[in-house]
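Novice: need a 3D model of the sequence below.
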Amino acid sequence: MLRQRIVTALVLGLLVVGAILLLPSEWFGVMMLVGLGIGGWEWARLIGLERTQYRWALVSAVVSLSLLSGALLEYRVFLVLIFTGSLAFWIFVVARLLRFAGDPGCRDGVAVGTVSAIMALVPTWVALVTLHRDASAGPGYVMMLMALVWAADTGAYFAGKRWGRRKLAPTISPGKTIEGVYGALAAAVATGFATTALLGVPSQLIIPYVVLSVLTVGFAVLGDLFESMIKRQRSIKDSGTLLPGHGGMLDRIDSLLAAAPLFALGVIGLSG
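Specialist: Below you'll find the model as predicted:
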């Protein structure tokens, strides 16, 4: 199982890195849209949309709204609005997590689940494509974002294994610990310093970018918890079976859904 998990992670990682570094932004956007579309299909299953036509309707909504947003990427005010809206959505998610932690029997309706899917998936696509299109660093910003999410996941795993004692949210994700979160945040600081050096960020912006890195990883943890809550509500272990050893696509991108829009908003702010 562990070997299968490692092989899948390596193959998926190479595909993603190759897409970031080698593809033009248009084709990178297409590849990301395919991945998020698969995530939308799995999300439909998680919220109880059993009929195929309903699942396709949700996927179509995600794809259509993403493409519509793609026509507005040149407008800075649009980007600020969609990323600020995403930030508000994820703050609202905190309230939903707290409610579920206190009352594990509560369930979100299909309508709430559908709106949540659109609010999580569409801004993520906009964020990834916006970062990739940036004239100053472009793919470098996307690589920084991915490095933060991957490093945080690794830091949380090893810190949780070594020092994990206190549960973070036992009714939502019993395996996560507060010590694991500390490990993720420590990894964010280290990765923030390393990636800003590689990107040649001006010295006066290094600390702000490291702060952004820590906030991004904090939101990555939030995204992970949110998907765990949705699965708990439906008593489902994995979002799918697409990725051997990892579950579904949504299981791999849940952290990115919350992290990407916040990171993109921060980059817009820091770049002036």
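Novice: for the closest residue in space to Ala190 that isn't next to it in sequence, grab phi and psi.
Specialist: Spatial nearest neighbour of Ala190, chain neighbours left out: Ala151 (7.2 Å); criterion: C-beta to C-beta, 6 or more residues apart in numbering. All C-beta atoms are positioned from the backbone trio N, CA, C, and that covers glycine. Backbone torsions of Ala151, given as degrees, to the nearest 10, read phi -70, psi -40.
Novice: neighbours of Ala151, how many?
Specialist: 23 (other C-beta atoms under 10 Å).
Novice: only the buried residues of the longest strand along the chain, if you could.
Specialist: Of all the elements of type strand in the chain, the one with the most residues (DSSP state E) is strand 173-177. Neighbour counts over strand 173-177 (16 or more other C-beta atoms under 10 Å) mark Ser173, Lys176, Thr177 as buried.
Novice: and whichever helix or strand comes after it, what does it pack against?
Specialist: Next in sequence after strand 173-177, counting helices and strands by DSSP states H and E, comes helix 178-199. The elements that helix 178-199 packs onto, with contact taken as 3 or more C-beta pairs under 8 Å, 6 or more residues apart in numbering; DSSP states H and E, are helix 139-163, strand 167-169, helix 203-234.
Novice: would you format these as a markdown table with distance to Gly48 and mean pLDDT included?
Specialist: Converted to a markdown table, these look like this (distance: least, C-beta to C-beta, whole Å; pLDDT from 0 to 100):
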| stretch | distance to Gly48 | mean pLDDT |
| --- | --- | --- |
| helix 139-163 | 28 | 94 |
| strand 167-169 | 23 | 93 |
| helix 203-234 | 7 | 96 |
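Novice: what's stretch 260-272 in contact with?
Specialist: 76, 79-80, 82-84, 86-87, 90, 123-124, 126-128, 130-131, 134, 136, 141, 144-145, 148, 205, 208-209, 212, 215-216, 219 (C-beta atoms under 8 Å, 6 or more residues apart in numbering).
Novice: try stretch 59-72
Specialist: Stretch 59-72 has contacts (C-beta under 8 Å, 6+ apart) with 29, 33, 36-37, 40-41, 44, 78, 82, 114, 117-118, 121-122, 125-126, 129.
Novice: Phe158 - nearest residue in space that isn't next to it in sequence?
Specialist: Gly183 (6.3 Å).
Novice: measure the one you found to Val77 for me?
Specialist: Relative to Val77, Gly183 is positioned 38 Å away (C-beta to C-beta, to the nearest Å).
Novice: and if you look at Glu50?
Specialist: For Glu50 relative to Val77 (C-beta to C-beta), the value is 40 Å.
Novice: ok, Ile91 next?
Specialist: For Ile91, the distance to Val77 - C-beta to C-beta - is 21 Å.
Novice: more neighbours, those two?
Specialist: More crowded of Ile91 and Val77, by other C-beta under 10 Å: Ile91, with 11 against 8.
Novice: so for the helix or strand containing the more buried one, what gets flagged as buried?
Specialist: In the assignment (DSSP H and E), Ile91 maps to helix 76-102. For helix 76-102, burial by neighbour count (16+ other C-beta under 10 Å) applies to Leu79, Ile82, Phe83, Ser86, Leu87, Phe89, Trp90, Val93, Arg96, Leu97, Phe100.
Novice: tell me what that helix is packed against?
Specialist: helix 110-133, helix 203-234, helix 249-270.
Novice: avg pLDDT for it?
Specialist: Helix 76-102 shows a mean pLDDT of 95.
Novice: that helix to helix 203-234, inter-axis angle?
Specialist: Inter-element angle recorded for helix 76-102 and helix 203-234: 50 degrees (by axes from the mean of the first three to the mean of the last three C-alpha atoms, to 10 degrees).
Novice: now the angle between helix 249-270 and helix 76-102, please.
Specialist: 130 degrees.
Novice: setting the sequence-adjacent residues aside, check what's closest to Thr154.
Specialist: Using C-beta to C-beta, 6+ apart, the closest residue to Thr154 is Ala187 (6.5 Å).
Novice: contact partners of stretch 97-116?
Specialist: With C-beta under 8 Å, 6+ apart as the criterion, stretch 97-116 contacts 43, 46-49, 58, 61, 89, 93, 96, 169, 171-172, 222, 225-226, 229-230, 232-233.
Novice: try 6 Å
Specialist: Here stretch 97-116 makes contact (C-beta atoms under 6 Å, 6 or more residues apart in numbering) with Ile47, Gly48, Ala169, Thr171, Leu225, Met229, Gln233.
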